[in-house]
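What follows is a predicted structure for the sequence shown.
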Amino acid sequence: MENYFLEKDIVVFYLVANAFPDGVLAAHQKLHKLIPYSDKRKYFGISNPDNTGTIIYRAAAEELTDGEAIKLKLETLVLKKGTYTSIVIENYQKEISDIGKAFDTLLLNKNIDPHGYCVEWYLNDTDVRCMVRLTK
């Protein structure tokens with residue numbers, strides 16, 4: 001576990017998975033059909049519980065140009081700059097459940113932002129940074 005500093009806000013657009021965890025892959029596949037792959041774009045999985053405790057999962061991509069989300073008719077949210085507690089998982093597809101285990105560990109931190117998200121930042125085809133924003 002390490003702290004990671006996100007230097008600037010990242011605006012993302014997203015599709016909500018129809019179920020968690022079963023709808024996650026389908027949401028990412030649908031998102032990737034809407035936008036061409038770009039090595040200049042960051043890709044994410046963003047989740048948080050709603051007021052009933054149900055996990056809302058969003059397959060997300062960084063907005064590269066203003067208005068891109070509007071053209072795609074997708075909603076946006078902002079990943080706020082600041083310090084995140086994080087765990088990098090190498091070759092995450094080998095054991096997908098490692099992502100959930102990483103968040104179980106990260107969420108034990110007493111300084112997590114209660115209004116933040118669990119963020120999966122897909123660094124490349126094999127590695128993911130799991131991270132949760134801290135309040136301090």
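Looks like it came in fine.

what about the strands in this structure?
2-6, 10-16, 43-49, 55-62, 75-79, 82-89, 118-122, 128-133 (DSSP state E).

Give me the below-cutoff pLDDT ranges for this structure.
Applying pLDDT under 70 to the chain flags the ranges 136.

Quick one: distance of stretch 102-110 to the chain centre.
Its chain's C-alpha centre and that of stretch 102-110 lie 15 Å apart, by CA atoms, centre = their mean, to the nearest Å.

Buried residues of that stretch, list them for me.
For stretch 102-110, the neighbour count (16 or more other CB atoms under 10 Å) marks Ala102, Phe103, Leu106 as buried. C-betas here are computed from N, CA, C, even on glycine.

now the strands of the chain as JSON lines including mean neighbour count?
Converted to JSON lines, those look like this (neighbours: other CB atoms under 10 Å):
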{"stretch": "strand 2-6", "mean neighbour count": "13"}
{"stretch": "strand 10-16", "mean neighbour count": "19"}
{"stretch": "strand 43-49", "mean neighbour count": "19"}
{"stretch": "strand 55-62", "mean neighbour count": "22"}
{"stretch": "strand 75-79", "mean neighbour count": "15"}
{"stretch": "strand 82-89", "mean neighbour count": "19"}
{"stretch": "strand 118-122", "mean neighbour count": "22"}
{"stretch": "strand 128-133", "mean neighbour count": "24"}
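
Thank you, goodbye.
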